[in-house]
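Participant: need a structure here:
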Amino acid sequence: MRKQMVELLSLPREIGLKRSPCSSHETFRSYVDKLNGKANLYTSLYSFRDKDADAPWKYDSSSAIIDRAWWDFDAGERGGIEQVKSEVRTLISRLAGDVRVVATGRGFHIHQLFSRSVMGSEMHRNLARYQRLMCVGLKTLDGFAFPAKLTRIPDTYNTTRGRYAVVIPPTALADDSFKIPNKPQELWKQFCPFFGEPNNSDFDFVLWCSKNPEAEIELESFKGEIELAGEVPIMPCLQKAIEVPNPTHPIRVALVQHMAQELRWFADPKTLSQEQRKSIEETIFQYIKSLGWRDFNEYRTRQGIRTNLSYDNAPSCRWYNQRGMCVGKCWKYDGTIGS
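Facilitator: Okay, the predicted model is just below:
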């Protein structure tokens with residue numbers, strides 16, 4: 001990497017799905033060089049200031065240093081690739097400052113770099129608020145940034161899609177005839193959101209927050225019917241997220257943790273007998289099997305359920321709201337949105 005190609009890669013951060021700590025550019029380069037083409041490569045979207053006090057082998061996501069906004073667009077059940085391109089163009093037209101684009105294989109990641117970094121829970125809430133405002137009306141949006149977010153490393157091979165996640169110029173999609181290349185382009189490395197050349201973004205997120213103060217959140221009550229997984233009620237935000245052919249891993253984990261919590265009547269998982277654990281596991285497994293997910297695998301599903309049965313808590317309303325999933329106050333609303 002050239003010297004200027006590391007200035008946007010702030011440290012320390014986490015790498016890989018196991019979220020291994022990474023405190024040097026040499027460690028990051030080694031991770032990419034050894035595994036590119038052999039596995040899907042990920043990095044935390046943000047760097048961190050502090051280690052987790054309760055788990056010192058990892059970083060505390062509440063200490064994330066927010067230096068950008070980020071959106072994920074995906075072709076699939078929400079729309080085809082042409083609709084995705086159109087909506088990405090719309091988003092880019094709404095954004096000020098230094099915008100970077102990565103074509104991921106089936107969609108796009110959009111990075112908007114800030115002129116100065118921010119920290120703290122208030123700024124985390126403002127980040128979610130800002131990102132939601134910028135993507136209003138865009139139906140192919142698959143998610144946006146939050147402090148613990150992982151993202152695919154640009155210009156690495158997407159083993160799932162069988163092609164590279166390539167950096168492209170932010171103006172490229174304005175040309176309807178533009179074809180996304182199959183491999184990284186040397187001339188476009190300057191536009192990489194982590195390794196590219198710094199461009200002195202003039203978008204000041206702190207200034208935006210001061211001009212657009214956070215109003216008290218007033219959620220409307222959800223008026224739809226309660227969906228059931230057997231005898232377990234499912235929140236509407238979670239129900240919507242699992243009714244797709246291939247939900248993301250965090251959504252699957254959230255479903256298991258929610259169902260497990262309800263099925264054990266909020267008891268401590270350590271107090272469950274082996275028979276009770278097997279009963280809960282089977283109930284959750286049969287429900288997931290009935291959903292007809294495209295990549296359903298019995299062994300991996302049972303393994304994931306067993307792993308998550310040991311967790312005491314399920315995601316809060318704040319967790320769902322940070323991901324833009326909340327559809328209004330439902331029976332499960334816990335008051336954590338805005339806290």
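
Participant: Does the helix or strand harbouring Ala69 pack against any helices or strands, and if so which?
Facilitator: Element membership for Ala69 (DSSP states H and E) is strand 64-74. In this structure, strand 64-74 packs against strand 47-48, helix 81-94, strand 107-118, helix 121-134, strand 141-144, with contacts taken as 3 or more CB pairs under 8 Å, 6 or more residues apart in numbering; DSSP states H and E. C-betas here are computed from N, CA, C, even on glycine.

Participant: who's in contact with Gly224?
Facilitator: Gly224 sits next to 236, 327 when contact means CB atoms under 8 Å, 6 or more residues apart in numbering.

Participant: Count the neighbours of Leu228 for me.
Facilitator: The number of residues packed near Leu228 is 11, by other CB atoms under 10 Å.

Participant: Quick check: bridge partners of the nearest residue to it once chain neighbours are set aside?
Facilitator: Distance criterion CB to CB, 6 or more residues apart in numbering; nearest residue to Leu228, sequence neighbours excluded, is Ile234 at 6.8 Å. Here Ile234 sits in beta bridges with Glu227, going by DSSP bridges.

Participant: Give me the neighbour count for the residue nearest to Leu150 when sequence neighbours are not counted.
Facilitator: Nearest non-adjacent residue to Leu150, counting by CB to CB, 6+ apart: Tyr42, 4.6 Å away. As a burial measure, Tyr42 scores 19 neighbours (other CB under 10 Å).

Participant: Would you mind giving me the confidence score for Gln274?
Facilitator: What the model reports as pLDDT for Gln274 is 91.

Participant: how far away is it from Glu281?
Facilitator: Distance of Gln274 to Glu281, computed by CB to CB, to the nearest Å: 10 Å.

Participant: which one's the longest helix in this protein?
Facilitator: Once the chain is assigned using DSSP state H, the helix that runs over the most residues is helix 274-290.

Participant: who touches the helix or strand following it?
Facilitator: The element immediately downstream of helix 274-290 (helix or strand, assigned by DSSP H and E) is helix 298-308. Helix 298-308 is contacted from outside by 252-253, 256-257, 260, 281, 284-285, 288-289, using CB under 8 Å, 6+ apart.

Participant: Domain-wise, how is this protein divided?
Facilitator: Using automatic domain parsing, the domain parsing of the chain gives 3-23+37-211, 227-322.

Participant: re the thing from before, list the buried residues for the longest helix of the chain?
Facilitator: Buried residues in helix 274-290, counted by 16 or more other CB atoms under 10 Å: 277, 280-281, 283-285, 287-288.

Participant: Over to stretch 29-43?
Facilitator: 31-32, 35-36, 40-43.

Participant: do stretch 168-181 as well
Facilitator: Per 16+ other CB under 10 Å, stretch 168-181 contains these buried residues: 168-170, 172-173, 180.
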